[in-house]
Structure formats: structure tokens, C-alpha cells
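A.B. asks: Let's see this in three dimensions:
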Amino acid sequence: MEMEEADKGEVFERNNKSRLDSHPGAAAGTACRLTDDLILEILSRIPARSLHRFKCVSVRWRDLIADPANRKKLPQTLAGFLYTTTAGRNRHHFASVSRGAAPFDPSLPYLQPSKYKDMAQVDACNGLLLYLSSSKNMVNPWALAEDDFRFVVCNPATGRWVELPPQPQAPADRFRYNCMASLAFDPAVSSHFHVFCFEETTVETYMTGVNVYSSRTGAWSRGDGGIVEKVALFFYSKGVFVGGMMYVIGNPKGISNEHVLLGIDMQGKVRRTIPMPYGRRFGTIGSSQGCLLYAVSSVDDNNKILYSEIELWCLKDCDSKELVLKHTASIDELMSMTGEKYRVVGIHPDCDTIFLVSHGGDTLSH
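C.D. replies: Predicted structure coming up:
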């Protein structure tokens, strides 16, 4: 999310709008004469909010802005984190990492309570938000019957939102419940988004199917996941969308100390199963500069967790079949100063930065 110098970008666009509208041919001709280096130099000097708007100028500009090789030259976009507290009912908050105000009202007043009585944030991806919304109070959102909730995808910058239709019916002989859901959206590739909803049943305690919603078709499609080995996903865990694939962490059935990374395509089929480093469970997946990353506490020679050291593992591309160690960072000084232990809560999408939260949950560091 972006917000710094937003007013400057709006002034720039407003001052130039009449000239561009009056002489569209001249503007197009002038733009064509600019080299990519000159365009990047110009774009690097504008606010992040305007940068995202300028993706709509042309396919060429969109590709320049979206190219991972150019991201370090362009304005950084992370303003902070959205999170939900559940004291009595779900309340939505914004934690700033730039000490500024939230770029929009986290309570989404145009949806709650006028449209929905309660909402729980499920995921976020490239500026879009995924919520579970209901006419009832949601103490445990995933325990609701299917008729009691709907998924809602929202663009908080514009206030536009869409309610997704009900998912395909479960088999009549078993009760199905959702174990997690993830949002897939890459504006550099398409203006359409997808929602992945992973399910289990009371009969099997592992993933039995994946429902995928496409905003292009406006409908859900159902698949069995195409899983050779049976894998259980973790409640409230997150998926990460990178390179056209959704990645989630699971536990192969019957192997308690082993964890794997599943790569799932847009049809809900598992295309690859990648072992996690040492099978450790204390980690967070995220993406940065077009790569999938896994942040986890180190271990010593006796496999004891070292909370003072963070390892960052990388899946370089969609063809990779293993995670490789990229960085090791010490947080011993931070722990000595505060007397607290920390876990990784997020990874910056453009910079070499990770965000930590204290185990008490009220101190954010990076």
C-alpha cells in the first residue's frame, strides 16, 4: 500500500490532464520518443500512488513498472499492515511502518455494518483484500455454515467490491469445511483475480479439494487438487501467489515432523511438492522482487531452535524444485534490548526487509 506524497501525484495528473486530453496524438508521439531509461527516471520521481495509475497508460509502461529488475528504481509501496482483532467482534486496524496515517479507513464503512454485520480479513494480494463476511457475529469464521457467509473481494483505494457466489456443493455424504483461502492477483498480467478456497471434510483430515473462483468468468470451478500424497493444511496459515502459482505449506499425512511447500496452478491442480528446510514448522512464506521466500528461525546442531537467528530461504523461480538459503540475520541485539522473542510476520515486497512481531503480539520491528 502506498501513501507518501500522494497529493503531489494528484497535482501532477490534474495539471497535465487538460493538455493530454486536448492533444492526445501529440502526447502519444512524445511518449513514443522516450527511451525506457528516461521513462524509468521520470517514474522514479513520482509518488507510488501515481505510479500504479500509470500502469494504465500503455502495455509498455505497465511492463516497465512490473518488471522485477526495475522495482528497486521505483517508489516503494508498502505503507503498513492490516490486521484484525476479535474482542467480541472483528475489528480492523492498520499498523504503519512509515509512521503515517492509514491510506484508507480500515473498517471499510461502505461494507460494514451497512452491508455485513461482521467481517474477517482473510488475505491481501497486490492491493486487493479478501474478506469473509456474514450477517452474524463470527467468533470462529471458518466454523460458519456455508449459507451464513460470503467471500468479498475489495479494492480499498477505490471503494469498489464484489461479493462472490456460493461455492460448489459438497458431496451429500460428508460435511465439508474450509481450512483456508487465498487471493491471487497480479495487475501486471491481468485485471482479473482468483480466489483459492481449500477444503477438508469430517471424513478425511487432509485437503480434499480446491475451489477456484475467477473474476473473469464470475464462477467457481472445483478440483480435487491432483494430490498424489495426502497433505493437511494449517488453519489460519497463508498462501502466497508468485509467478502464476499459489504456494501453501502443508503436512504429509502420517509424517508429523515433515512439512512441504505445495505449488498449485490456476486450475487448482498441485504441480509440485517441495520439501521445507529440515521439516521445520516455525516459518513464514512471502514474496519479494518476484521470488518466493521462506523465513524461519535457525536451529543448532542438536536441532534446537535459535530464536536469535533468522534464515531466509528462496525459491528462485517456478521451475525450482528446492529452496536455497539466501541470507542469515541475527536479531540477538534486538532480543537483548527488549527481552522478548520474535517471529517473522511479513516480508517486504520490494526491499530486502523482513518484519518481526514479538511473541506477545504488540511490538512490530524490522
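A.B. asks: Show me how this structure divides into domains.
C.D. replies: For the chain, automatic domain parsing gives the domain ranges 6-73, 282-366.
A.B. asks: Average pLDDT for the first one, rounded please.
C.D. replies: Summarised as a single mean, pLDDT over domain 6-73 is 65.
A.B. asks: got it, and stretch 99-108?
C.D. replies: Stretch 99-108 comes out at a mean pLDDT of 78.
A.B. asks: Stretch 243-251 too?
C.D. replies: For stretch 243-251, mean pLDDT rounds to 89.
A.B. asks: Repeat that for stretch 291-301.
C.D. replies: For stretch 291-301, mean pLDDT rounds to 84.
A.B. asks: Could you list the buried residues of it?
C.D. replies: Going by neighbour count (16 or more other C-beta atoms under 10 Å), the buried part of stretch 291-301 is 291, 292, 293, 294, 295, 296, 297, 298, 299. The way it works is simple: take the backbone N, C-alpha and C, and place the C-beta from them, glycine included.
A.B. asks: mind listing what the first one touches?
C.D. replies: This means residue 291. Neighbour list for residue 291: 242, 314, 315, 316, 317 [criterion: C-beta atoms under 8 Å, 6 or more residues apart in numbering].
A.B. asks: Nearest to residue 327 among those?
C.D. replies: Nearest to residue 327 out of those is residue 314 (C-beta to C-beta; 8.6 Å).
A.B. asks: Got phi/psi on the residue nearest to that closest one when sequence neighbours are not counted?
C.D. replies: Nearest residue to residue 314 in three dimensions, chain neighbours excluded: residue 326, at 4.2 Å (C-beta to C-beta, 6 or more residues apart in numbering). Backbone torsions for residue 326, taken as degrees, to the nearest 10, come to phi -100, psi -50.
A.B. asks: how much space between residue 326 and residue 292?
C.D. replies: Per C-beta to C-beta, to the nearest Å, residue 326 is found 11 Å from residue 292.
A.B. asks: swap in residue 33?
C.D. replies: From residue 33 to residue 292 the distance is 38 Å (C-beta to C-beta).
A.B. asks: My read is that the residue nearest to residue 314 contacts residue 294, right?
C.D. replies: No - applying C-beta atoms under 8 Å, one finds residue 326 not in contact with residue 294, separated by 9.4 Å.
A.B. asks: Now do the shared contacts for these two.
C.D. replies: With C-beta under 8 Å, 6+ apart as the test, residue 326 and residue 294 both reach 312, 313, 314.
A.B. asks: Alright, I will stop here.
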